[in-house]
Structures are given as structure tokens and as C-alpha cells.
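Enquirer: Predicted model and sequence below, questions to follow.
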Amino acid sequence: MDKAKNNDIKELIEEGKFYFLNQKYNEALQYLSKALEKEPKNIEVLYTIGIIYESINNLDKALEYFKRVIEIDPQHEDAIFHINSISENQ
Amino acid sequence: MERFVVIGLGRFGQSVAINLAKLGKNVIAIDEDPQKVEEIADFVFQAAACDATDEKNLRDLGLKNADVGVVSVGEDISSSILITLTLKEMGIKKIISKALTQVQGKVLIKVGADRVIYPERDMGERLAKRLSSPQLFDLIELTESHGILELLAPESFVGKRLDQLELRKKYGVTVIAVKRNMPELKDDGSTSFKESMILSPGPDFEVLLGDIMIILGKSKSLDKIKKVK
């Protein structure tokens, strides 16, 4: 059962990344939100959503997701980097 | 009260004179062209049309008592040198001269300018710096009536091509560049993005979510486009 769930999330993340790389941001966010519903503390999902929001200049939302990443993993260097760079420019 | 004399009323000199007057300073504005003098007469303490390279004219205007002289006679460097020199000889405490190149600036310092300014170069630097900053800027004024605006693409623009948006026709503005974050995949499989600048996008350029549009136009038109949702 868990394995099936894992595969499911993996696929949703892959779809999300695929759409992001093709600049289909809304579709990417839809897939990743579905993944997040299944696993609300998945760091990869939270971080990717943060990246998407930052890339479309929705910096408040981006911060929100990067902060959720470091709540779970306070040592997440990339998330810390993005939080700092957004805060510096706001 | 500090007294200022501004010689040369091109766009730069005019702007300096008017802004100083707005700040409540006593300003004497001089240019050879009577029309330019007339344009500014209502704003400043005194405006005179005369040849500023003639020392007698400057003495007749009582400039000896001026505290600061701004020499902005434009591209005519020999006039600029002569006027700077004359103001120095008249004992004006501080002289600020406009130059277009560094060589001109060096000469102006040699003949007595206390400070040299390079408005074109400074504006270029300012613009480049602001364009490369990730922060949105509101408006850079190029002249009193025109400017450049950085605008996060409004929702109603997203997914449309520039020719469909008809911004020139509807608002009289031109999109001179677009800043866009290009998505990328890192070696470890995580996502990232890189900022790119698309210069003078063509009519078939499609606006995407999150694009930052750099728009040139009249300030009034830019104000209008800022309100588009």
C-alpha cells in the first residue's frame, strides 16, 4: 500500500516538474498540490512549489513554502538560500 | 539664502534650475536662446538671455555674488570651458560643470570646476543597475513627461502575444524588454531557474505568468497601464 502511495507521489512530482520546465506553471502547481495532499510534509514537493512561486515572482508564496521546508529540515541549505535572497530583495 | 546660477538651459539645465527653485533657492537661469529663457522665467528668481561666454554679460547680471554656478551648456565644450573659467575668476565659491566624456571632465576640473557631472553616463549606469536588480522599480523618469516602468505582467496579459495586447495602440507604450525566469533542472534532479532578459520582444512574443515587462512611454500612459489587472 505504502509503495503504491510512494509511486503515486513520485509520479505527481515528475508531472509537476515536467510542466514547470515547460513553463506551464498553473498545471505544475496543480500536480504538486495533489502530491502535497497525499504527503503534506514532503520536502521535495514543498521546495519545488517554492521554486515555482519564486520563478513567477510571487515572492510571498515562495517564502511561505521555503519556510515550511526549513520547519521540517532546518538544515535545508537551498531553502535557506532562497529565503535569504528573497528577504534581501523585498 | 544660497544663490545659484544655472548657465545653459537644455533639458538638464532646465531641470536643475526648476528643481532648485522648487526647493526655495534663489536661481538665476541663463541661456543664449530667448525662447528657453522665456520657458523658465516663471519658475526662477531671474532669467536672462545672453551670451554667457562674454564675461561682461555675467558681471552685469551681478553673478559675482552667486554661491554656486552650474554650467550645463551641452555639447559645446569650448563654451563650457570658457564659462567655467570665467565663473572661477569671478570668485564663485562652487562650480559644477556638465561633461559628456571623461576627457572633457578633466579639462573642466583644470579650469576651475569643483565638481563634474556626467548626466548621460550617470543615467545609463542608473538604468543598467536598476534593470539588473531583481527588485521591481516603480518608474524611472527619463524626462518630465516620459519614463520607464517595470511591471509584473497583469493576469489579463498572460498567455497573449504582444500583437494581441496592442499596447502601443491602446496605451501608447512600448515593451522594450522582458525579464523572465527560465526553469531548469539541476544535476541532482531538483528544480531551479535562471533569470533571462529578452530585449525588444517581437509582436509574436507571448507573455507568461511571472514575466516582468519593462515598458517605455509617457508617464500618464504608464500610470494607466499600472492599473491594468
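Expert: Cool, the structure landed. Numbering: from 1, shown residues only, chains lettered A, B, ... in the order given.
Enquirer: Break chain B into its domains for me.
Expert: If you go by automatic domain parsing, the domain ranges for chain B are B:3-117, B:123-226.
Enquirer: Straight-line length of the last one, end to end?
Expert: Okay, so that is domain B:123-226. 23 Å (CA to CA, to the nearest Å).
Enquirer: Enumerate every residue touching the closest residue in space to residue B:224 that isn't next to it in sequence.
Expert: The shortest distance from residue B:224 to any non-neighbouring residue, by CB to CB, 6 or more residues apart in numbering or on different chains, is to residue B:171 (5.9 Å). Yep, even glycine has a C-beta here, placed from its N, CA and C like the rest. Residue B:171 is in contact with B:217, B:221, B:224-225, counting by CB atoms under 8 Å, 6 or more residues apart in numbering or on different chains.
Enquirer: Secondary structure added to those, as CSV?
Expert: Shown next, in CSV, are these (DSSP: H, G, I helix; E, B strand; the rest coil):
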residue, secondary structure
B:217, strand
B:221, helix
B:224, helix
B:225, helix
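Enquirer: which among those gets closest to residue A:53?
Expert: Of all the contacts of residue B:171, residue B:225 has the smallest distance to residue A:53: 24.3 Å, by CB to CB.
Enquirer: That closest one touches residue B:149, doesn't it?
Expert: Yes - using CB atoms under 8 Å, residue B:225 and residue B:149 qualify as a contacting pair, with a distance of 7.2 Å.
Enquirer: what touches both of these two?
Expert: B:215, B:217.
Enquirer: Any residues of chain A in contact with chain B? List them.
Expert: Taking CB under 8 Å from any CB of the partner chain as the contact definition, chain A meets chain B at A:17, A:20-23, A:25-26, A:44, A:47-48, A:51-52, A:54-58, A:78, A:89-90.
Enquirer: residue contacts, residue B:43?
Expert: Neighbouring residues of residue B:43 by CB under 8 Å, 6+ apart: B:17-18, B:21-22.
Enquirer: Distance-wise, check it relative to residue B:23.
Expert: In this view, residue B:43 and residue B:23 are 12 Å apart by CB to CB, to the nearest Å.
Enquirer: tell me the phi and psi of residue B:163?
Expert: Residue B:163 adopts backbone torsions of phi -70, psi -30, taken as degrees, to the nearest 10.
Enquirer: Find the nearest non-adjacent residue to whichever residue of chain B sits closest to chain A, please.
Expert: For chain B and chain A, the shortest gap (CB to the nearest CB) falls at residue B:210, measuring 2.8 Å. Nearest non-adjacent residue to residue B:210, counting by CB to CB, 6+ apart: residue A:56, 2.8 Å away.
Enquirer: Neighbours of residue B:62, how many?
Expert: Residue B:62: 12 surrounding residues under other CB atoms under 10 Å in any protein chain shown.
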